[in-house]
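Engineer: 3D, please:
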Amino acid sequence: MFLGQYEHRIDPRGRVAIPAKFREELKQGLVLSQGFDPCIRVYPLQAWQERADELTAPLISKESQRRISRYIFSSAFIDEPDRLGRVLLPAPLRQYAGIKDVAVIIGANACVEIWGKENWDAEKSLMDDEAQGIAERWEPR
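Structural biologist: Numbers count the residues shown, from 1 in each chain. Predicted coordinates:
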């Protein structure tokens, strides 16, 4: 389970240090992919494979499923942290997430999200404003 929020600088090569608390679960490899929100989603390789299996199982018949599969897989990159715990954020993903000098890395339970600071600040503000209403409407499964 990934939890917490951390800010890290992007180095000149486009790498960011993964928070130490996340490294153990990601050291065997990870997949970086475009999120539905303007962020990069990071999955341990094993979790990505499980997610990929879920996404591709019903793909044969529905155009929307094929399209979402293309959206997710065409933006995905496999990587593994270097000895200092850094990963390369590919330029297309950095651009999509609005990541410039500083990235905000958050735990999102089964995955990690990497946000550009401005996008995260806007999202956080929106969540803060709407949390009460969302909590009141939320019904657990």
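Engineer: so what's the gap between the longest helix seen in the chain and the chain middle?
Structural biologist: Longest helix in the chain, counting residues (DSSP state H): helix 117-137. Taking CA atoms, centre = their mean, to the nearest Å, one finds the center of helix 117-137 at 18 Å from the center of the full chain.
Engineer: in it, what counts as buried?
Structural biologist: Under the neighbour-count criterion of 16 or more other CB atoms under 10 Å, helix 117-137 has Asn119, Trp120, Glu123 buried. All C-beta spots, glycine's among them, are computed from the backbone N, C-alpha and C.
Engineer: can you list contacts of that helix?
Structural biologist: Residues from elsewhere that reach helix 117-137 (CB atoms under 8 Å, 6 or more residues apart in numbering): 7, 37-39, 97-98, 100-104, 106, 115.
Engineer: for the record, mean pLDDT for whatever helix or strand Gly107 lives in?
Structural biologist: Assigned by DSSP states H and E, Gly107 belongs to strand 102-108. This predicted structure assigns strand 102-108 an average pLDDT of 97.
Engineer: of the buried residues of helix 117-137, which is the nearest to Glu54?
Structural biologist: The nearest member of the buried residues of helix 117-137 to Glu54, counting by CB to CB, is Glu123 at 25.2 Å.
Engineer: now that closest one: how far from Asp129?
Structural biologist: Glu123 sits 11 Å away from Asp129, going by CB to CB, to the nearest Å.
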